[in-house]
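A.B. asks: pasted the sequence and its predicted model underneath.
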Amino acid sequence: MSKLKGLTKKQLFLPIFSMILVMLVNVVYDIACGNPPLSFFQIATQVTTSGDTILFGRLIDVLNRGSEVVILAIGMTLVVSASAGTDISVGSVMSLSGGLCCMLLAGYGVTNVDHYKVPLVVGILAGILLAIVCGIFNGFLVAYLNIQPMVATLILWSAGRAIGLLLCNSAIVYVRVPSFQFLGSYCGPIPTPILVAAVCVAITALILKFTAVGTFVQAVGINKKAARISGFNSSKIILICYAVCGLCAGIAGIVATSRIYSADTNNIGLNMELDAILAVALGGNSLGGGKFNLAGSIIGAYTIQAITTTLYALKVSSAQAPVYKAIVVILIVVIQAEPVKAYFKKLSAKKAAAKEAN
Amino acid sequence: MKKVKISSNNILLLITIALFVVMYGLGCVVYASKGFTHLQTFLNVLINNAGLICVAAGTTCVMLTGGIDISVGSVVAMDCMILAVGMEQKGISSVVLMLLVLAIGLLFGLVQGYLIAYLKIQPFIATMAGMFFARGMTAVISTEQVSIVSDKLFVGLSNAKVNIPFGIGAYTNKKGILQIPYVRPTVIVAILVVVLIYLMLKYTKFGRSIYAVGGNQTSATLMGLNVAKTTMLTYVLASFLCSIGGICYCLNTMSGTTTQASGFEMDAISSAVIGGTLLTGGVGNIVGTLFGVLINGTISTLVKSHGKLNSSWPNIITAILLCFFIVLQAIFAKIKEAKKA
């Protein structure tokens, strides 16, 4: 019993618990439908029309579709930790970087091409670079002008998508070149977005493990002034966190654009910032800044995607899915809430006291 | 002895009002031939934004406590859908539906307020759940676009004109017909909301507690204020105002769709920020918010009057203004700090 209690106190308990819960729902649903009980975890191979063998299954789908949120969650975790605020511009920045990339590849005002106007690398790098600039802009406002993060990022939330639309001349720009679709399709049998997300996570994890950057960020997040007095350049650290968040948004934007081989500026990354923030919160990280746990955020991101995929499997339409998502979110945050935890603690203390009295 | 001091907060409000006047004056000069100088153009800005004014009033109150409410856009969409489906497909009278919508607003605010004030869930997360819920509910009610045409009272309210008395701003058009400027009933509701909230914030105990809670929760508690109760009631008020705004919005659009009013919450927040309300709480003014909404409305009217500009320009101009005001606020805050030290 005491072991179980120790387990529930771990930070990663909640995200893993909710993930398992979602999977259990899938298992129960499959049993109820008469499918094999573990069909959620089944990974099959499928031969596409072009003759390639690809992996196929609900688990793969969750990993694949969740990639963008995972990439965003990396940057968001750092931003939340360092500045005690959220970057709500990431969805718009995704759309902006995708828009610039496609605009460069296709040429301004052209909506449908089957060859590149500039090399692919230039387009992708320009998109990502613009996203980093956006991140630095946000970071400057937050770190050096002391503006609340949400208000500061509200500017690009509004302008990012609009500038993207201007770049694409308010049209959907299609780039019908196979190599452009690589990032959003398959690398061998594995969906490429999964690999991109994995690389991003691995690099961040290595940096956090072998350098003191993570500690710096947390120190700034816990107390900006104290960190400065201890010799950290707090403002610079916050700025870097926002730049990284911009970088992540850029990568996610390119992946999302590549997935549909077009810059659908109105829809790419729409409401994605909410999913990313949710992933951070579900991962057991406080939105008030300070200590963070990257693994939690990533599990949180996949949990959100698992919820969405499960809902689709349950034949809930995509427009109606938010209702259930809201209920799940409320349940998870209420369990996490301090007053609720205190109440349960009191209850168990009473039980223990009653036992002793006997 | 009472003296009106020009503090940094007042200056921000003055700048907002001045900017609105300058912007509108510019429109009058440049687009005089397109009827910009007529009073009706200004009234149309009010008519188009009546719903937003009500919603932004609620958002301002929430922001004054240091919180945020991002559920309002979805709640407006849900209200419109309830009204549209109720009237067209279920044949319920519009009066009953409007009362129902207001009741739903109260309930919505109560749940969100309880989660935030008593269970200490971060306002962003709690209202984000509310946002998802309301947007999803809209689709659960109906996924198609429903137009309101049958309810006589509602259609009548939507088309009702309240003429401006004493012939102010009246003119004869090219055909020689006398045009009397008018507003819709929704504008009167919106102005009433602004006046009531202004009086409430300034003169009632509840209004002053809102400022106190936003300024510093600990000192508010030490002063003997019930912080949790004030916070919860503020969210209830905001959601209630949001429902009033939803009805006004619906009277403008006369339809319900699932994607309606998306981004409305950010319009409300940016209006409040342009009007000088700080997200950290404790500082702000409802009059500023009103002018914030008017500035947003004037920008779209200007872009529409130009006729050839891309439709994404209003967003970009709003963002630039937002940036300008935010940086201005930051500079004032720094000056204040420097004075203290």
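C.D. replies: Arrived safely, thanks for sending.

A.B. asks: contacts only, for the closest residue to residue A:48 other than its chain neighbours.
C.D. replies: Among residues not flanking residue A:48 along the chain, residue A:54 sits closest, at 5.9 Å (CB to CB, 6 or more residues apart in numbering or on different chains). No exception for glycine: its C-beta is placed from N, CA and C like everyone else's. When contacts are counted by CB atoms under 8 Å, 6 or more residues apart in numbering or on different chains, residue A:54 touches A:45-48, A:186, A:189, A:191.

A.B. asks: residue A:54 belongs to a strand?
C.D. replies: Yes - counting by DSSP: H, G, I helix; E, B strand; the rest coil, one finds residue A:54 located in a strand.

A.B. asks: which strand residues bridge it?
C.D. replies: residue A:46 (DSSP bridges).

A.B. asks: are any of the contacts of residue A:54 buried, and if so which?
C.D. replies: When the contacts of residue A:54 are checked for burial by 16 or more other CB atoms under 10 Å in any protein chain shown, the buried set is A:186, A:191.

A.B. asks: in TSV: the contacts of residue A:54, plus pLDDT.
C.D. replies: Formatted as TSV, the contacts of residue A:54 follow (pLDDT from 0 to 100):
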residue	pLDDT
A:45	79
A:46	78
A:47	78
A:48	74
A:186	84
A:189	84
A:191	90
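
A.B. asks: for burial, what's the neighbour tally of residue 88?
C.D. replies: The chain I'm using is chain A. Around residue A:88 there are 25 other residues, counting by other CB atoms under 10 Å in any protein chain shown.

A.B. asks: right idea, wrong chain: chain B
C.D. replies: If we define neighbours as other CB under 10 Å, then residue B:88 has 18 of them.

A.B. asks: I figured it hits residue B:155, correct?
C.D. replies: No - if you go by CB atoms under 8 Å, residue B:88 and residue B:155 don't touch, sitting 11.4 Å apart.

A.B. asks: overlap in contacts of those two?
C.D. replies: With CB under 8 Å, 6+ apart as the test, residue B:88 and residue B:155 both reach B:148-149.

A.B. asks: please identify the helix or strand for residue A:75.
C.D. replies: helix A:67-83 (DSSP states H and E).

A.B. asks: do the same with residue B:136
C.D. replies: helix B:123-141.

A.B. asks: chain center to that helix: distance?
C.D. replies: 19 Å (CA atoms, centre = their mean, to the nearest Å).

A.B. asks: which elements pack onto it?
C.D. replies: helix A:272-282, helix A:321-336, helix B:72-88, helix B:94-117 (3 or more CB pairs under 8 Å, 6 or more residues apart in numbering or on different chains; DSSP states H and E).

A.B. asks: and the third one, how far from the chain's centre?
C.D. replies: It refers to helix B:72-88. Distance, centroid of helix B:72-88 to centroid of chain: 17 Å (CA atoms, centre = their mean).

A.B. asks: so residue B:321 makes contact with residue B:273?
C.D. replies: No - Residue B:321 is not in contact with residue B:273 according to CB under 8 Å; the separation is 9.7 Å.

A.B. asks: tell me which of the two has more neighbours.
C.D. replies: residue B:273 (28 against 22).

A.B. asks: right, and the more buried one touches residue B:289 too?
C.D. replies: No - with contact defined as CB under 8 Å, residue B:273 does not count as touching residue B:289 (9.1 Å).

A.B. asks: that older thread, mind listing what's buried in the helix holding residue A:75?
C.D. replies: A:67-83.

A.B. asks: who are the contact partners of the spatially most central residue of chain A?
C.D. replies: Nearest residue to the geometric centre of chain A (CA atoms, centre = their mean): residue A:69, 2.5 Å. Shown in contact with residue A:69 (CB under 8 Å, 6+ apart): A:252, A:272, A:275-276, A:279, A:301, A:304-305.

A.B. asks: that one and chain B, how far apart?
C.D. replies: 14 Å (CB to the nearest CB, to the nearest Å).

A.B. asks: ok, for that residue, nearest residue in space, not its chain neighbours?
C.D. replies: Nearest one to residue A:69, counting by CB to CB, 6+ apart, is residue A:301 at 4.3 Å.

A.B. asks: for stretch B:202-215, buried residues please.
C.D. replies: So, applying 16+ other CB under 10 Å, buried residues of stretch B:202-215: B:207, B:209-215.

A.B. asks: state the mean pLDDT of that stretch.
C.D. replies: Here stretch B:202-215 scores 91 as its mean pLDDT.

A.B. asks: for it, C-alpha coordinates in PDB please.
C.D. replies: Taking Å, rounded to 0.1, in the frame of the first residue of the first chain, the C-alpha atoms of stretch B:202-215 are listed here in PDB:
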ATOM      1  CA  LYS B 202     -16.600  52.300  -9.500                       C
ATOM      2  CA  TYR B 203     -19.300  52.500  -6.900                       C
ATOM      3  CA  THR B 204     -20.200  49.000  -5.600                       C
ATOM      4  CA  LYS B 205     -18.400  46.900  -3.000                       C
ATOM      5  CA  PHE B 206     -18.300  44.000  -5.500                       C
ATOM      6  CA  GLY B 207     -16.700  46.200  -8.100                       C
ATOM      7  CA  ARG B 208     -14.000  47.500  -5.800                       C
ATOM      8  CA  SER B 209     -13.300  44.000  -4.600                       C
ATOM      9  CA  ILE B 210     -12.600  42.900  -8.100                       C
ATOM     10  CA  TYR B 211      -9.900  45.500  -8.400                       C
ATOM     11  CA  ALA B 212      -8.600  44.600  -4.900                       C
ATOM     12  CA  VAL B 213      -8.400  40.800  -5.800                       C
ATOM     13  CA  GLY B 214      -6.600  41.600  -9.000                       C
ATOM     14  CA  GLY B 215      -4.200  44.000  -7.400                       C
END
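
A.B. asks: run through who's touching it.
C.D. replies: Residues contacting stretch B:202-215 (CB under 8 Å, 6+ apart): B:61, B:63-66, B:200-201, B:219-220, B:223, B:225, B:227, B:230-231, B:233-234, B:280-283.

A.B. asks: can you show me the helices along the stretch 251-358 of chain A?
C.D. replies: A:272-282, A:294-313, A:321-336, A:338-357 (DSSP state H, counting those that start in this stretch).

A.B. asks: which one, of the ones you listed, ends up nearest to residue A:237?
C.D. replies: Taking CB to CB, helix A:294-313 is the member of these nearest to residue A:237, at 16.3 Å.

A.B. asks: next one: the closest one to chain centre, how far?
C.D. replies: With CA atoms, centre = their mean, you get 10 Å for helix A:294-313.

A.B. asks: elements contacting it?
C.D. replies: Packed on helix A:294-313, when contacts are counted by 3+ CB pairs under 8 Å, 6+ apart, are helix A:13-33, helix A:58-65, helix A:67-83, helix A:192-210, helix A:272-282, helix A:321-336.

A.B. asks: could you find the closest non-adjacent residue to residue A:152?
C.D. replies: residue A:141 (3.8 Å).

A.B. asks: can you pull the buried residues of the host helix or strand of that neighbour?
C.D. replies: Taking DSSP H and E as the criterion, the element that holds residue A:141 is helix A:120-144. Residues of helix A:120-144 classed as buried by neighbour count (16+ other CB under 10 Å): A:120, A:123-124, A:126-128, A:130-132, A:134-143.

A.B. asks: alpha carbons of stretch B:265-281, as PDB, please.
C.D. replies: Output in PDB follows, covering the C-alpha atoms of stretch B:265-281 (Å, rounded to 0.1, in the frame of the first residue of the first chain):
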ATOM      1  CA  GLU B 265     -12.200  35.600 -27.300                       C
ATOM      2  CA  MET B 266      -9.000  37.100 -28.700                       C
ATOM      3  CA  ASP B 267     -10.900  40.000 -30.200                       C
ATOM      4  CA  ALA B 268     -12.400  40.600 -26.700                       C
ATOM      5  CA  ILE B 269      -9.000  40.300 -25.000                       C
ATOM      6  CA  SER B 270      -7.200  42.500 -27.500                       C
ATOM      7  CA  SER B 271      -9.900  45.200 -27.200                       C
ATOM      8  CA  ALA B 272      -9.400  45.200 -23.400                       C
ATOM      9  CA  VAL B 273      -5.600  45.300 -23.800                       C
ATOM     10  CA  ILE B 274      -5.800  48.200 -26.300                       C
ATOM     11  CA  GLY B 275      -8.100  49.900 -23.800                       C
ATOM     12  CA  GLY B 276      -5.500  49.700 -21.100                       C
ATOM     13  CA  THR B 277      -6.400  46.600 -19.100                       C
ATOM     14  CA  LEU B 278      -3.500  44.700 -17.800                       C
ATOM     15  CA  LEU B 279      -3.600  40.900 -17.800                       C
ATOM     16  CA  THR B 280      -1.900  40.800 -14.500                       C
ATOM     17  CA  GLY B 281      -5.000  42.300 -12.900                       C
END
